[in-house]
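Novice: sequence first, predicted model second:
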Amino acid sequence: MLSAAELERYARHIVLHDVGGPGQQKLKNARVLVVGAGGLGAPVIQYLAAAGVGTLGIVDDDFVSLSNLQRQVIHATDALGEPKVASAAEAIAAINPHVSVEPHPVRLNGQNAMALISKYDLVVDGTDNFSSRYLISDACFFAQKPLVSAAVGQFDGSVTLLKPYEKAGDGKYMNPSYRCLFPQKPAAGSLPSCSEAGVLGALTGLVGSLQSLEAIKEIVGFGDGLLGRLLLIDARSMHFETIKYKRSAKNPLNGENPKSWADLLEEESS
């Protein structure tokens, strides 16, 4: 149950018809895994903590550096050199003492992804490379966990919601996977990294905040999520556009010739 202090803290949520007391209780009971405590993960963690998500798992094996602080707003200057999961945990404690933090100071990989993801109700991907995004989306499919995925470029970003494990009444898969949206993974080195190309700091705040909103909607169960829709953001023109995408029968997760988790990992390593 929500305590008197929690009722006051979340009062502006509770008066919302679409959230209310039951919705806030769902947030309190929820377990969310945030992969990456960087530019995207920082606002995701902050807003989910402030919203009252009961348990936040954070996966990141990196340490806070000075060049992070232009966009990774959860980390303070005093945290330089600290593990990002430790810095994020300190920030969460300051934001909301009712939130439990589970730090995972590791890099998500084929050996630990399923074990970590299976412990949570929902996953938010705040990573910055295609290899991690494919790995996370594949693992979420096999673990049957909803995934809020996003990406940012220099001045552009995108957000979508993935639940490709869901089936229709006839037992057939109905939702697209990440591999339907991006069938071919870009070759390593074909796209410049953030350190090479740069990224507008406030853009990661915008996109990460949208991710947290999608996560909250999914947990509470209101509104229309970005399922089968990719929200595109152009920060230069402040233009937002949504494109629809469908399940492809050729995708290796829920397509006509599905592959196993082990098969996909073997392909990644070859």
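Specialist: Perfect, thanks for sending it.
Novice: where in the stretch 151-270 of the chain is pLDDT low?
Specialist: The stretch 151-270 of the chain contains residues with pLDDT under 70 at 190.
Novice: would you list every one of the helices in it?
Specialist: For the stretch 151-270 of the chain, applying DSSP state H, counting those that start in this stretch gives helices covering 178-181, 194-197, 201-220, 261-269.
Novice: got a markdown table for those helices, with distance to Ala139 too?
Specialist: C-beta here means a position set from N, CA and C on the backbone, and glycine is covered the same way. Shown next, in a markdown table, are those (distance: least, C-beta to C-beta, whole Å):
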| stretch | distance to Ala139 |
| --- | --- |
| helix 178-181 | 11 |
| helix 194-197 | 23 |
| helix 201-220 | 17 |
| helix 261-269 | 8 |
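Novice: Lys246: which of these is closest?
Specialist: Lys246 lies closest, by C-beta to C-beta, to one member of these: helix 178-181, at 7.0 Å.
Novice: what is that closest one packed up against?
Specialist: With contacts defined as 3 or more C-beta pairs under 8 Å, 6 or more residues apart in numbering; DSSP states H and E, helix 178-181 has these neighbours: helix 130-143.
Novice: check the offset of the helix it packs on from the chain's centre.
Specialist: Centre-to-centre, helix 130-143 and its host chain are 11 Å apart (C-alpha atoms, centre = their mean, to the nearest Å).
Novice: rewinding a little: tabulate the helices of the stretch 151-270 of the chain (CSV), appending distance to Asn112 and mean neighbour count.
Specialist: Formatted as CSV, these follow (distance: least, C-beta to C-beta, whole Å; neighbours: other C-beta atoms under 10 Å):
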stretch, distance to Asn112, mean neighbour count
helix 178-181, 19, 22
helix 194-197, 24, 11
helix 201-220, 22, 22
helix 261-269, 12, 13
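Novice: minimum distance to Leu230: which of the ones you listed has it?
Specialist: Among the helices of the stretch 151-270 of the chain, helix 178-181 comes nearest to Leu230, with 6.5 Å by C-beta to C-beta.
Novice: residues in contact with that closest one?
Specialist: Residues outside helix 178-181 that contact it (C-beta atoms under 8 Å, 6 or more residues apart in numbering) are 133-134, 137-138, 147, 149, 160, 162, 164, 230, 245-248, 251-253.
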